[in-house]
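# please work out how this folds:
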Amino acid sequence: MLRLLRKILIPFAAIYYLVTSIRNTCYNKGFLKSKTYDFPVIVVGNLNVGGTGKSPMVEYLINLLKNHYRLATLSRGYKRKTKGFFLADQNTKTSDIGDEPMQFYRKFPELHVAVDEDRQHGISGLREQVNPEVIVLDDAFQHRRVEGGLNIMLTAYKDFFYDDYLLPVGNLRESRQGAQRSDIVIVTKCPDSLSQETRNTIKNKINKYTDSTVFFSKIAYRNVVMNETSEIALNQLLKFTLVTGIANPKPLINYLKSKGLQFESKVYGDHHNFSYEEIDSLRKEKLIITTEKDYVRLKDELTNCYYLPIQASFLDRGELLNEIVLNFCASGV
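Okay, here's the model as predicted:
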């Protein structure tokens with residue numbers, strides 16, 4: 001059935017390919033202009049739709065840079081209720097900027113967090129209001145109006161861009177050749193046991209599309225769940241309800257199952273806006289565990305809610321990635 005559906009959708013993917021290819025060609029040939037900057041702009045993004053681990057990677061970069069530079073992040077602010085440029089402050093609500101930017105704002109008090117659908121306009125707003133030395137653009141790989149100085153492309157393990165197809169047949173937002181714009185490719189969500197032989201095979205497949213430096217990262221889970229006031233060790237959890245509104249909850253579900261934990265799972269769509277009825281239903285649960293991204297949307301509504309912290313780490317050569325990023329920022333462009 002899936003194969004038949006894909007065959008039916010192939011003409012639509014061909015149209016999508018034509019439109020995105022013409023657009024990229026216009027930018028590559030200079031018919032459409034990309035704006036460059038004389039200060040460090042780092043782009044983090046992907047070719048696939050969602051689920052590659054952008055937020056943990058942005059947080060990795062924030063931790064790397066926050067003590068060295070006046071730092072800002074700029075996101076689109078997906079599903080926010082505001083429009084245009086918005087700079088977060090102590091009165092900002094999640095609905096003003098979106099869940100992922102609010103997550104950054106909560107965790108990093110020294111960070112300037114802004115959202116804007118127009119990345120050029122957003123960068124101008126940041127420079128005028130807080131004048132950051134380095135800006136990290138979250139999910140901006142396809143936004144060709146801004147040309148980043150360092151372009152980091154993510155592709156998730158077992159969901160590789162080189163095995164995927166254009167929308168609507170697959171999940172690619174543009175053709176695989178878009179990887180040529182990357183300076184670094186990071187394979188995210190890798191298992192700890194990923195062999196060197198498998199890594200080499202993946203590198204070779206990536207290098208058919210780009211000669212970027214390839215790194216392999218994983219998601220590291222904490223051994224506690226947390227909320228604003230307390231934390232609970234994972235091994236002390238008896239029964240709970242796992243609530244997720246992310247693109248791919250399977251790794252989290254599998255991780256919690258691997259710990260032998262007993263739970264019911266309620267899966268919602270990515271960036272899900274919980275209705276009053278859903279919130280009322282969740283209040284009846286004894287204990288809710290969720291992701292940090294979902295927590296920033298649920299914490300003001302639920303008193304029975306905790307999140308499991310995660311972070312990105314590298315299987316090897318993490319020091320090399322740090323060196324590349326720090327050298328780029330030190331160059332000032």
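
# where do the strands sit along the stretch 1-150 of the chain?
41-46, 71-75, 86-87, 112-115, 134-138, 150-156 (DSSP state E, counting those that start in this stretch).

# may I see those strands arranged in a markdown table, with distance to Gly269 as well?
Placement of C-beta: from N, CA and C, glycine included. As requested, those are arranged in a markdown table below (distance: least, CB to CB, whole Å):
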| stretch | distance to Gly269 |
| --- | --- |
| strand 41-46 | 18 |
| strand 71-75 | 19 |
| strand 86-87 | 24 |
| strand 112-115 | 20 |
| strand 134-138 | 20 |
| strand 150-156 | 18 |
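
# buried residues, stretch 226-240. List them.
227, 234, 237, 240 (16 or more other CB atoms under 10 Å).

# what's the per-residue pLDDT of Leu238 here?
Confidence at Leu238, expressed as pLDDT, is 87.

# how about the contacts made by it?
By CB atoms under 8 Å, 6 or more residues apart in numbering, the contact list for Leu238 reads Gln262.

# skipping its backbone neighbours, what lies nearest Ser182 in space?
Nearest residue to Ser182 in three dimensions, chain neighbours excluded: Met153, at 3.8 Å (CB to CB, 6 or more residues apart in numbering).

# ok now do the one you found, which residues does it touch?
45-47, 141, 179, 181-182, 184-186, 210, 212.

# switch the cut-off to 7 Å
45-47, 141, 179, 182, 185 (CB atoms under 7 Å, 6 or more residues apart in numbering).

# go ahead and confirm Leu315 touches Lys189.
No: under the criterion of CB atoms under 7 Å, Leu315 is not in contact with Lys189, lying 11.2 Å apart.

# between these two, which is the more surrounded one?
It is Lys189, of Leu315 and Lys189, that has more neighbours when counted by other CB atoms under 10 Å, with 22 against 17.

# any idea how far Glu278 is from Thr188?
Distance, Thr188 to Glu278, by CB to CB, to the nearest Å: 29 Å.

# what about the two, which has more around it?
More crowded of Thr188 and Glu278, by other CB under 10 Å: Thr188, with 22 against 16.

# quickly list what the more buried one is bridged to.
Here Thr188 sits in beta bridges with Ala156, going by DSSP bridges.

# about what we covered before: of the contacts of Met153, which is the nearest to Ser34?
Closest approach to Ser34 among the contacts of Met153 (CB to CB): Phe141, at 12.7 Å.

# show me the contacts for that closest one.
Applying CB under 7 Å, 6+ apart, we find Phe141 in contact with 43, 45-46, 151, 153.

# output the residues you listed in CSV; the columns should cover distance to Pro101 and pLDDT.
Below are the contacts of Phe141 laid out as CSV (distance: CB to CB, whole Å; pLDDT from 0 to 100):
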residue, distance to Pro101, pLDDT
Val43, 16, 98
Gly45, 15, 95
Asn46, 18, 95
Asn151, 20, 98
Met153, 21, 98
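
# nearest to Ile97 among those residues?
Checking these one by one against Ile97 (CB to CB), the nearest turns out to be Gly45, at 18.4 Å.

# burial of the closest one, as a residue count?
Counted with other CB under 10 Å, Gly45 comes out at 24.

# chain neighbours aside, what residue packs nearest to it?
Phe141 (2.6 Å).

# where in the protein is pLDDT low?
Residues of the chain meeting the criterion pLDDT under 70: 1-7, 9.

# show me the domain layout of it.
Annotated domains of the chain cover 9-69+133-219+314-331, 223-308 [automatic domain parsing].

# okay, those domains, which one's buried deepest?
Most buried of the domains of the chain, by mean neighbour count (mean count of other CB atoms under 10 Å): domain 9-69+133-219+314-331, with a mean of 18.

# quick one: it to chain centroid distance?
Centroid separation for domain 9-69+133-219+314-331 versus its chain: 11 Å, with CA atoms, centre = their mean, to the nearest Å.

# and if you look at stretch 67-74?
Taking mean C-alpha positions (CA atoms, centre = their mean), stretch 67-74 and its chain are 18 Å apart.

# got the CA coordinates for it in PDB?
C-alpha atoms of stretch 67-74 as PDB (Å, rounded to 0.1, in the frame of the first residue of the first chain):
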ATOM      1  CA  ASN A  67      31.300  32.000  28.000                       C
ATOM      2  CA  HIS A  68      33.300  33.400  25.100                       C
ATOM      3  CA  TYR A  69      30.900  35.600  23.200                       C
ATOM      4  CA  ARG A  70      27.800  37.700  23.500                       C
ATOM      5  CA  LEU A  71      25.500  35.100  22.000                       C
ATOM      6  CA  ALA A  72      22.000  35.100  20.400                       C
ATOM      7  CA  THR A  73      19.800  32.500  18.800                       C
ATOM      8  CA  LEU A  74      17.300  33.300  16.100                       C
END
